[in-house]
Structures are given as structure tokens and as C-alpha cells.
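Enquirer: here is my input, please return the structure:
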Amino acid sequence: MTFKQLKQNRFVKFFTNRYVVILIGFTVWMLFFDENSYLVHKGFNTEIKELETAIEFYKKQIKEDKQTIKNLQDSLQIEKFAREKYLMKRENEDIYLIEFDTLKK
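Expert: The predicted structure is shown next:
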């Protein structure tokens, strides 16, 4: 194929048009190199999903903590909570902790 024949090819004519070249360059720039590029937006979207997951986790934790606070209004519940979580005891009382080996030998 000679240069003249190549120049008359419709694909070559189309892709050597200055407007098409500018459009392709602009598209590549916007997709990959600009500060608002597709790659940056994709990273932001994954970060948003992670944050939404964290929000759901903390909402669930807040709900559980509110229930715990509601339960601790009773003095017997406070005593039970202190014994289970902080290993507190009454005077003249012994506490024995039994730990099970969870590893299989």
C-alpha cells in the first residue's frame, strides 16, 4: 500500500482528522490523568462502600450499647455485668476461671 492509498483509506482519514485526535486525547486525559479521573472516582466509590459498612457496624453497636444501658438500670444487672466483664467479686467470695483449650492437638 502506498502513502496515497493509505491516505484515501476511510479509517485513516477518520482517525487523522484533527477533531478526532483532539477528542481521543481529551478522553484519555479525562479517564486516566485528570484529578477527577475514572480511576480516582473508582477509588472513592470503594472507600464510600467501606465507610457505609462501618456506619452500619457502628449503628448496630450503638443499638446494643443502648440495650445494655437500659438493662443496667437495675442493680442486679449491674452486679451481673461487673462479675462477667470485670471479674469483680464480693467479699469472702472466690472466683474460679475455667478456660478450655480450643486448639486441637
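
Enquirer: which parts of the protein are helices?
Expert: 3-8, 10-15, 18-28, 38-71, 75-86 (DSSP state H).

Enquirer: can I see the domain layout of the protein?
Expert: What automatic domain parsing lists as the domains of the chain is 1-34, 36-90.

Enquirer: now the weakest link among the ones you listed, please, by mean pLDDT.
Expert: Among the domains of the chain, domain 1-34 carries the lowest mean pLDDT, a mean of 77.

Enquirer: re the thing from before, format the helices of the chain as TSV; extra columns: mean neighbour count.
Expert: Glycine gets a C-beta too; all of them are placed from N, C-alpha and C. Shown next, in TSV, are the helices of the chain (neighbours: other CB atoms under 10 Å):
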stretch	mean neighbour count
helix 3-8	9
helix 10-15	10
helix 18-28	10
helix 38-71	10
helix 75-86	11
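
Enquirer: adding distance to Y96, write the ones you listed out as a markdown table.
Expert: Written out in a markdown table, the entries for the helices of the chain read as follows (distance: least, CB to CB, whole Å):
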| stretch | distance to Y96 |
| --- | --- |
| helix 3-8 | 91 |
| helix 10-15 | 82 |
| helix 18-28 | 71 |
| helix 38-71 | 26 |
| helix 75-86 | 13 |
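
Enquirer: nearest to F100, out of these?
Expert: The stretch from those with the least distance to F100 (CB to CB) is helix 75-86; that distance is 16.8 Å.

Enquirer: so what touches that closest one?
Expert: 68, 71-72, 88-89 (CB atoms under 8 Å, 6 or more residues apart in numbering).

Enquirer: do that again at 7 Å, thanks
Expert: The contact list for helix 75-86 (CB atoms under 7 Å, 6 or more residues apart in numbering) reads 71-72, 88.
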